[in-house]
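[1] Any chance you could fold what I've pasted below:
(chains A and B)
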Amino acid sequence: MYHSFIVYKKFYYLKWAVLLTAICVGLYLWHEPPSVPNGGSALGYLLGSIGAALIGWLSWFGVRKRSYHSTTGNVQGWLSAHVYFGCALFVIATLHTGFQFGWNIHTLAYVLMVVVIVSGFVGVVLYRLCPRMMSEALQQASRREILEELNETTANILRLADEVEGDVHDRVLRENQDATVGILAAASREDSGAQAYTGNKHSRKTGIRNSDDLSDHLYRELSGTQSPEAANTIRALLSQLAHKRELTGRIGREAALKNLLTIWLFIHVPMSIALIAALIIHVVAVFAYW
Amino acid sequence: MRWHIRRITRRHKLGISHEDIELDVDRIRFGRGTDVDVHLPDLTVALHHAEFSYLNSSTVACITQSRAGIWHRGVNVGYAELALNEYVYIGRYKVTFIKSESLADVALEIESTHIQYASIQDPQAKRSVQSKFTKRRLAFWASAAIIVMFLILPATTWIDPHWRNILRRLDLVSDAAWNSGPLSSAHHILASRCESCHTKLFRRTQNSSCTHCHDDTFSHASGRDTEERCGSCHREHNGAISLVETDASDCTRCHLQIQQSKPKSSLAVVGDFDINHPQFSVALPGADGRIIRTRLASDAVLSEHSGLIFNHQAHLDPNGLKVGAGIEQLECSDCHRPVVNGTSMQAVRMEEACQRCHRLDFDAATTQELPHADGEVVLRSLREFYAIQALSGGYTSYVRSPSLSTDEVSTISSPAPMVPDFIKRRRPGVSLSEPDRIAAHRWANDMTKYVAEEIIRYRACGKCHELTLGNNHELPQVKAVRIPADWMPAAEFNHAKHETMACGDCHMAQSSNDSRDVLLPRIEMCRECHGGNVATTRIQSVCSDCHRYHSVDQIAVQK
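    I've put the predicted structure just below:
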């Protein structure tokens, strides 16, 4: 039910938002403004007031969703209304501008509002798509299960590698450094935050290359070895390495998708705060130079 | 070189235990193999993994022989120099360079960390706290930048004019950022001088700001100071559109309920040209000689008393008029000529419009015409002509000019004065005797009066002018001509804008045979093309299309 805020109560808030938008559009079409359509006409002030009230209320969602003891509706309902009235705001604020734009604080406030709304759209789309893609990536397993399996596989790899002659163990360690999820990468997390967990772009690439190098090396070893036990060990090692790559790929995809689910908020939330600042200045400036 | 090695084991609830050894080697080797100085028995460590060497009392170097490398400051490296209390990871072992508490030169602390190969912990839990780009920080800095640039800096322009000028050179961070839109072209020079109109913050622009320049602009109804805000009609900051493009509602705000704001006013209630606009109130010369404003009516018959007698219908006869030897068909524009810019019509002048046909000749003895002028001037011209005839002689008898109609001449009772013989014939070089001179003078006066009466009453003046007849001995007087200079004083009609129309579309001159007919069109005629404020099939017409708010006449008078 990941998209249930969209159909919440059979589109209850969608209907109200459409009604509000339709009334505003109707007023705009009916209104005969003195001179040109303008935020300063009577209807302009009305639309501006509705828009400002909507912005205030939409921002309050950030507070409401953290108020776990609040009894005014449930968060799902609030989110549903937040999304639909956010769309209505876009239309109402655009009508308020009278389609007059310029290099000024007024248009800046409008642009910030558009950025916030568009990033919100992106959020809605991501919330519709990502969870399904995340569970597809994990293939029904939970993240904890995969991580446990990954640890087990890595331990197996290191144990098997130590049984092989030559510098195979050393090469395996090397590969671990660069792999998406590796013991030392995990260790480095204390120093560099989460980057080591998913690996940066560079280490992901070199990880794959080293992993290929390691496999090549192991195949060479396999063809050169005389001992059947050693050959079995190498085969087992290759199989474990392949398994690890597959696990790493799954957990990496899932992590990347999970990141996407929060990244849009880094635009949506700060820009909405900036929008409130710009909105207040917009109102102050309009009445300072009345 | 003496190395102090301390191995730490953390035990849950039991605190920390440690095990110390000291070694005396140049370089100390770490690994999983058996031939190293410090044995690290975990599969995450290579057989020969790394070596530490002493650089100075506060620095040690760590170099690795394994492909696995070591982790230093979050980066996988092959070589690292450690300052005091810095650490590197060798496999799952954290090796810290610590201050030596014993006699050893260098001390290293080794701690086995319980790091999983992959962390089960959600990596994003700490992320937003640790990263520099937190939502809170972004929000703070974006808002702070906006507040400083677009609120605080612009607001400081009101503190000091010099500072204001400096800021305005930077444009966006000055109060230019508060500009809600470009100024009209007339006021464009004020674009960067907000204070020239916005004299007080949080107060609407005052009329005094406008009259600072526009002090000659006249008010509309009441005194200028008590009048509406200029800005209620002239809306600025809407770009290059004209400031005079006013909306009908600007006017109808008052004029729809004029009786409430001006109870004594005789003005009609006006809302929309199509729905509630009264008939035009035109300037008409009344029977008593005064020009009075009269409201046209669609049914009532009005008459104007201009003092002229004119038959439009006869002059516009489609069969043409006899002019000299030929036939000519007159058109409106033969007499009615527009002023230079075509907006209105010139006054019709007799010399230009009529005299070509209606000649003012008076005596067949001469081709001279009388001037179209006051009675005094006409009489003087006549007297001069006959006096000269009397003095120079050779005038035989009075014969009427053939171009003049003779219909009514028969009603003149008395015959023309007899021409004395000494005026008819005179021997050259002989002077007139005193009695002859007196007789000549009398004859000239008699002729003047005789011809004048005939001309005024029947032949020339009286044809077109209404006359006041005196008693038997006095000449008739021509009544003053009263044609309003402006037929519609409260409105402006522009003939040039209506050049696609024919004159007869609005003025019913073709069927008018009486100069008392009022040929001004009624409002119904205008409404055939002009609709109201929201007309869809006709021209949308607002108040300002015909009416002016500020009286232009007053400006002209004052200048």
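[2] For the closest residue to B:Ser261 other than its chain neighbours, grab phi and psi.
    Counting by Cβ to Cβ, 6 or more residues apart in numbering or on different chains, B:Cys254 is the residue found nearest to B:Ser261 once chain neighbours are left out, at 5.5 Å. Heads up, the C-betas are built off the backbone N, CA and C, glycines and all. Dihedral pair for B:Cys254: phi -90, psi -40, per degrees, to the nearest 10.
[3] what's the average pLDDT for whichever strand or helix holds B:Ile63?
    Using DSSP states H and E, the element containing B:Ile63 is strand B:59-64. Mean pLDDT, strand B:59-64: 92.
[4] one step back: surely the residue nearest to B:Ser261 meets B:Leu267?
    No - judged on Cβ atoms under 8 Å, B:Cys254 makes no contact with B:Leu267 at a distance of 9.5 Å.
[5] These two: which is more packed in?
    Using other Cβ atoms under 10 Å in any protein chain shown as the criterion, B:Cys254 and B:Leu267 rank with B:Cys254 on top: 17 against 14.
[6] what helix or strand does A:Arg174 sit in?
    In this structure, A:Arg174 is located in helix A:168-178 according to DSSP H and E.
[7] can you check A:Ile276 too?
    helix A:265-288.
[8] so B:Ala283, which of the three states?
    strand (DSSP: H, G, I helix; E, B strand; the rest coil).
[9] residues touching it, list them.
    Going by Cβ atoms under 8 Å, 6 or more residues apart in numbering or on different chains, B:Ala283 touches B:Ile291, B:Ile292, B:Arg293, B:Thr294, B:Pro484, B:Asp486, B:Trp487, B:Met488, B:Pro489.
[10] before we move on, what about B:Glu101?
    Listed by Cβ under 8 Å, 6+ apart, the contact set of B:Glu101 reads B:His4, B:Ala107.
[11] Tell me the spacing between it and B:Leu82.
    Note on B:Glu101: its distance to B:Leu82, by Cβ to Cβ, to the nearest Å, is 18 Å.
[12] What residues does the stretch 151-300 of chain B have near chain A?
    Taking Cβ under 8 Å from any Cβ of the partner chain, the part of the stretch 151-300 of chain B that reaches chain A is made up of B:151, B:154, B:172, B:175-182, B:194, B:198, B:201-205, B:233, B:235, B:238-239, B:241, B:245-247, B:249-250.
[13] The residue in the stretch 301-450 of chain B that chain A sits nearest to: how many residues sit nearby?
    Closest to chain A within the stretch 301-450 of chain B is B:Thr343: 25.6 Å, counting by Cβ to the nearest Cβ. B:Thr343 has 13 neighbouring residues, counting by other Cβ under 10 Å.
[14] Hmm, B:Ala496 and it touching each other?
    Yes - B:Thr343 is within contact range of B:Ala496, at 5.5 Å (criterion: Cβ under 8 Å).
[15] What residue spans form the domains of the chain?
    As the question left the chain open, I've gone with chain A. Listed by automatic domain parsing, the domain ranges of chain A are A:4-139+A:264-288, A:146-263.
[16] Chain B was what I was after
    Taken from automatic domain parsing, chain B resolves into B:2-112, B:139-232, B:249-275+B:531-559, B:352-478.
[17] Which of those domains has the highest mean neighbour count?
    Across those, averaging neighbours per residue (mean count of other Cβ atoms under 10 Å in any protein chain shown) puts domain B:2-112 on top, at a mean of 17.
[18] so how far does that one reach from one end to the other?
    Counting by Cα to Cα, to the nearest Å, you get 23 Å between the two ends of domain B:2-112.
[19] and if you look at stretch B:150-160?
    End-to-end distance of stretch B:150-160 (Cα to Cα): 17 Å.
[20] show me where pLDDT drops low in chain B?
    B:114-132, B:218-219, B:221-227, B:245-246, B:298, B:401-414, B:472, B:551-559 (pLDDT under 70).
[21] swap that for the stretch 51-200 of chain A, sorry
    Short version for the stretch 51-200 of chain A, where the test is pLDDT under 70: A:176-200.
[22] could I get the helix holding A:Arg174 in CSV with only the CA atoms?
    Taking Å, rounded to 0.1, in the frame of the first residue of the first chain, the C-alpha atoms of helix A:168-178 are listed here in CSV:
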residue,chain,number,x,y,z
VAL,A,168,45.8,-15.3,-3.7
HIS,A,169,44.8,-14.3,-0.1
ASP,A,170,46.6,-11.0,-0.6
ARG,A,171,44.7,-10.4,-3.8
VAL,A,172,41.4,-11.3,-2.1
LEU,A,173,42.2,-8.7,0.6
ARG,A,174,42.9,-6.2,-2.1
GLU,A,175,39.6,-6.9,-3.8
ASN,A,176,37.9,-6.5,-0.4
GLN,A,177,39.3,-3.0,-0.1
ASP,A,178,37.6,-1.9,-3.2
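[23] Give me the helices and strands touching that helix, please.
    Counting contacts by 3 or more Cβ pairs under 8 Å, 6 or more residues apart in numbering or on different chains; DSSP states H and E, helix A:168-178 packs against helix A:143-163, helix A:183-187, helix A:201-224.
[24] wait, does the first one make contact with chain B?
    Yes - taking Cβ under 8 Å from any Cβ as the criterion, helix A:143-163 and chain B are in contact, through A:Arg144, A:Leu147, A:Glu148, A:Leu150, A:Asn151, A:Thr154, A:Ala155, A:Leu158, A:Arg159, A:Ala161, A:Asp162.
[25] Please list only the buried members of those.
    A:Leu147, A:Glu148, A:Leu150, A:Asn151, A:Thr154, A:Ala155, A:Leu158, A:Ala161 (16 or more other Cβ atoms under 10 Å in any protein chain shown).
[26] which one of those is nearest B:Arg527?
    B:Arg527 lies nearest to A:Leu147 out of these, by Cβ to Cβ, at 84.8 Å.
[27] In which helix or strand does the residue of chain A positioned farthest from its centre reside?
    Residue farthest from the centre of chain A, counting by Cα atoms, centre = their mean, is A:Gln226 at 52.4 Å. Assigned by DSSP H and E, A:Gln226 falls within no helix or strand.
[28] cool, B:Lys94 as well?
    Using DSSP H and E, B:Lys94 falls in strand B:93-98.
[29] Quick one: list the elements packing against that strand.
    So strand B:93-98, by 3+ Cβ pairs under 8 Å, 6+ apart, packs with strand B:87-90, strand B:106-112.
[30] List the neighbouring strands of it plus their orientation.
    With DSSP bridges as the test, strand B:93-98 is paired with strand B:87-90 (antiparallel), strand B:106-112 (antiparallel).
[31] list the helices and strands the strand holding B:Ile63 packs on?
    Using 3+ Cβ pairs under 8 Å, 6+ apart, strand B:59-64 sits against strand B:50-56, strand B:70-72, strand B:79-83.
[32] close to chain A, is the first one?
    What it means is strand B:50-56. No - judged by Cβ under 8 Å from any Cβ, strand B:50-56 stays clear of chain A, getting no closer than 11.8 Å.
[33] And stretch A:20-30, what's buried?
    Quick answer for stretch A:20-30 (16+ other Cβ under 10 Å): A:Leu20, A:Thr21, A:Cys24, A:Tyr28.
[34] average pLDDT for that stretch?
    For stretch A:20-30, the mean confidence score works out to 91.
[35] which outside residues touch that stretch?
    Under Cβ under 8 Å, 6+ apart, the answer for stretch A:20-30 is A:Pro37, A:Leu43, A:Leu46, A:Leu47, A:Ile50, A:Phe85, A:Cys87, A:Ala88, A:Val91, A:Ile92, A:Leu95.
[36] which residue sits closest to the fourth one in space, ignoring its chain neighbours?
    When you say that, I think you mean A:Leu47. Counting by Cβ to Cβ, 6+ apart, A:Leu47 lies nearest to A:His96, which is 4.0 Å off, once chain neighbours are set aside.
[37] sorry, back to before: how far out from the middle of the chain is the strand holding B:Lys94?
    80 Å (Cα atoms, centre = their mean, to the nearest Å).
[38] Cool, thanks, signing off.
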